[in-house]
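# when you get a sec, could you give me coordinates for this:
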Amino acid sequence: MIISQIQNIFCFLFLLGYVYSQTNVAIVSEKVGTEIDIHENRFYRVFPNEKGFVSAQLNIIEDGKFRITIVKNINGVERKVLRYIDQTEFEKIKQQIDQLPEFTKIRKIEMYEGMDYLRAERIINEIPKPQFIVIKHSDNKKLRGTLTKVENNVLFIQGPSQVEEISLSSLDRISYRMEFGKYDKYKNYFYVGTGILGLIGGYLYNSQRSIIYNDFNIPRQDIVFYRYFNGLILGLIFSSEVFDAISTLLTSSETIILSESEYDEVNY
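Residues are numbered from 1 along each chain as shown. Got it, this is the predicted structure:
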């Protein structure tokens, strides 16, 4: 009998606490209701710096004092974070929401169409490879090179002297060709052209060098041929990267923003 009464008391206190927690909810604006979800937060930018934001609710704790309960998802683990604000900060949030239009389904679609960073992994994997790209990463660093492959969200980019490995998480934006292979029919002609340029380079190098004679006072034609051959090989080695670079300049490119911070910098 006593145990039953204790259980009833606990149930009553729990119900009373639940009812109280719902009645002291502060509605910052009719546009968001009692809870600000992830989509509303992205549109109204109420808490733009909260990484892993899921939802938020404001509660009145006393006159002019509010508690914000923010639910976040960090590395797949959901947790709650508490923030405390006064009436002035509450009014700033209210003004931030009220100055923007109502968040409709159409505006939601329009908003997400511009947020390519939410689809960064799919975009990177769908880029035709290999091709010449330009990326911005890691605090405004720029890198130009040929994207050869993507593995485990790591981009392998062939530069002039070595292969750079750039993590997708460090990318801010990327420029690449939407169309691929438009000028490939001219590639063989380009290789011939770079080969000829290499031979010309070998000729110019030979013309600036004195003639070397062997022990029988006969000009060393093998050295002359060797220099021509080196010029030809160098021309062909760099022909692929130069062709990709030139075809990129001639083909319209698409620039995609791949980080939320870059998106905020461009749009806000």
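# CA atoms for contacts and neighbours, from now on please.
Will do.
# so residue 83: helix, strand or coil?
Taken by DSSP: H, G, I helix; E, B strand; the rest coil, the conformation at residue 83 corresponds to strand.
# please name the nearest non-neighbouring residue to residue 149.
For residue 149, ignoring the flanking residues on the chain, the nearest one in space by Cα to Cα, 6 or more residues apart in numbering is residue 156 at 5.5 Å.
# residues near that neighbour, how many?
Neighbourhood size, residue 156 [other Cα atoms under 10 Å]: 18.
# name the element residue 47 belongs to?
Assigned by DSSP states H and E, residue 47 belongs to no helix or strand.
# you'd agree it is up against residue 41?
Yes. At 6.4 Å, residue 47 counts as touching residue 41 under the criterion of Cα atoms under 8 Å.
# more neighbours: which of these two?
The residue with more neighbours, out of residue 47 and residue 41, is residue 41; 19 against 16, by other Cα under 10 Å.
# wait, what's in contact with the more buried one?
Going by Cα atoms under 8 Å, 6 or more residues apart in numbering, residue 41 touches 47-48.
# what's the helix or strand for it?
For residue 41, the element it lies in under DSSP H and E is helix 38-44.
# hey, where'd the strands end up in the stretch 1-150 of the chain?
Using DSSP state E, counting those that start in this stretch, the strands of the stretch 1-150 of the chain run over residues 36-37, 53-62, 65-74, 77-86, 131-137, 141-151.
# chain center to the shortest one, what's the gap?
Offset of strand 36-37 from its chain centre (Cα atoms, centre = their mean, to the nearest Å): 25 Å.
# can you check the longest one too?
On the basis of Cα atoms, centre = their mean, strand 141-151 is displaced by 13 Å from the centre of the chain it belongs to.
# specify the residue positioned farthest from the middle of the chain.
Computed with Cα atoms, centre = their mean, the residue of the chain farthest from its C-alpha average is residue 216, at 66.4 Å.
# right, I'll leave it there.
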